[in-house]
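Colleague: what follows is a predicted structure for the sequence shown.
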Amino acid sequence: MPAALRDLKLLPTEYVYYYDQPERAFENVKRAGRTRGQAIDELTRVLFEALSDPAADRVAFYRSYLWTRSAGYMEIESGGESRRPAFTPQLSGYDKIALSVVRAIHFDAHAIIPLSVVNRGTLPDLEDEDVVEVPCVVNANGAPPIHVGRVPDRIRPLLLQVKEYERLTVRASLARSLDAARTALAANPLVRSRAAAERLIDDLQPLW
């Protein structure tokens, strides 16, 4: 792994694991006998049962829930213990990101925060109207993105394929077309064929 990272000259997000080693992730989930979604569903059920007690320390229960959820991140898919740091209330959560953005705008702080914004040339490989998650300089003028430039050739095909899948998914949703939904899902690099996409869409119905 260190050698691969030195060769790549990037620090990829953990989600790349699913595209890089899909068979391994799939076999680990099968071996575990449950998915991440099922694990979260059970954690959430326990949380709401605890919160229903009027005498419960709700903040303590919620923090325990967040810690357990964070500690088990990608544990099932990787087939081992999660290496993600335990939940830290001061640093974790989308709520903290949202508050950081509000604070940076209010105080004109020029804080660098990764956000999802309209591309508009930030990544020249993608269309201007695509949404991209990139570092932004957040200040009183809003959240203008930092120009990233062209992505390395090694990762460009995956980036383009995933973004095209996202575009097709949006179009299928707006059109409410099952055929368009099958086409969109078939474009996902984790879906190996149109036939597999059709079976998945059939299992997900009704979509609307």
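Modeller: Arrived safely.

Colleague: and Glu133, what helix or strand is that in?
Modeller: Per DSSP states H and E: Glu133 is located in strand 131-138.

Colleague: contacts made by that strand with the rest, please.
Modeller: 100-101, 104-105, 109-119, 122-123, 126, 143-146, 148 (Cβ atoms under 8 Å, 6 or more residues apart in numbering). All C-beta spots, glycine's among them, are computed from the backbone N, C-alpha and C.

Colleague: how much space between the residue of the chain positioned farthest from its centre and Leu43?
Modeller: Within the chain, Ala55 marks the point farthest from the mean C-alpha position, 35.6 Å out by Cα atoms, centre = their mean. Distance of Ala55 to Leu43, given as Cβ to Cβ, to the nearest Å: 21 Å.

Colleague: ditto for Asp53
Modeller: Taken as Cβ to Cβ, the span from Asp53 to Leu43 is 17 Å.

Colleague: between those two, which is the more surrounded one?
Modeller: Neighbour count, other Cβ atoms under 10 Å: between Asp53 and Leu43, Leu43 has more, with 16 against 10.

Colleague: so what's the more buried one scoring on pLDDT?
Modeller: Leu43 is assigned a pLDDT of 96 by the prediction.

Colleague: also the one 3 residues further on?
Modeller: At Val46 the predicted local confidence, pLDDT, stands at 96.

Colleague: could you give the angle of the lengthiest helix in the chain to strand 131-138?
Modeller: Longest helix in the chain by number of residues, with DSSP state H as the criterion: helix 156-175. In terms of direction (axes from the mean of the first three to the mean of the last three Cα atoms, to 10 degrees), helix 156-175 departs from strand 131-138 by 100 degrees.

Colleague: what does helix 156-175 contact?
Modeller: Contacts with helix 156-175, where a contact means Cβ under 8 Å, 6+ apart, come from 19, 123, 125-126, 130, 150-151, 180-181, 183-185, 187-189.

Colleague: farthest-separated two in those?
Modeller: Using Cβ to Cβ, those reach their maximum pairwise distance at Arg150 and Ala181, which is 31.5 Å.

Colleague: who has more neighbours, the two?
Modeller: Higher neighbour count among Arg150 and Ala181: Ala181, with 24 against 9, using other Cβ under 10 Å.

Colleague: show the contacting residues for that one.
Modeller: Ala181 touches 169, 172-173, 201, 207, counting by Cβ under 8 Å, 6+ apart.

Colleague: neighbour count and pLDDT for those residues - can I get that in CSV?
Modeller: As requested, the contacts of Ala181 are exported to CSV (neighbours: other Cβ atoms under 10 Å; pLDDT from 0 to 100):
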residue, neighbour count, pLDDT
Thr169, 17, 97
Ala172, 20, 97
Ser173, 14, 96
Ile201, 19, 95
Leu207, 11, 87
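
Colleague: need the helices for this structure, in chain order.
Modeller: 2-8, 16-20, 22-32, 36-51, 58-71, 75-78, 94-106, 156-175, 178-186, 194-204.

Colleague: can I get these in TSV including distance to Pro135?
Modeller: Output for the helices of the chain, formatted as TSV (distance: least, Cβ to Cβ, whole Å):
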stretch	distance to Pro135
helix 2-8	19
helix 16-20	18
helix 22-32	28
helix 36-51	27
helix 58-71	23
helix 75-78	27
helix 94-106	13
helix 156-175	16
helix 178-186	29
helix 194-204	34
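
Colleague: no further questions, thank you.
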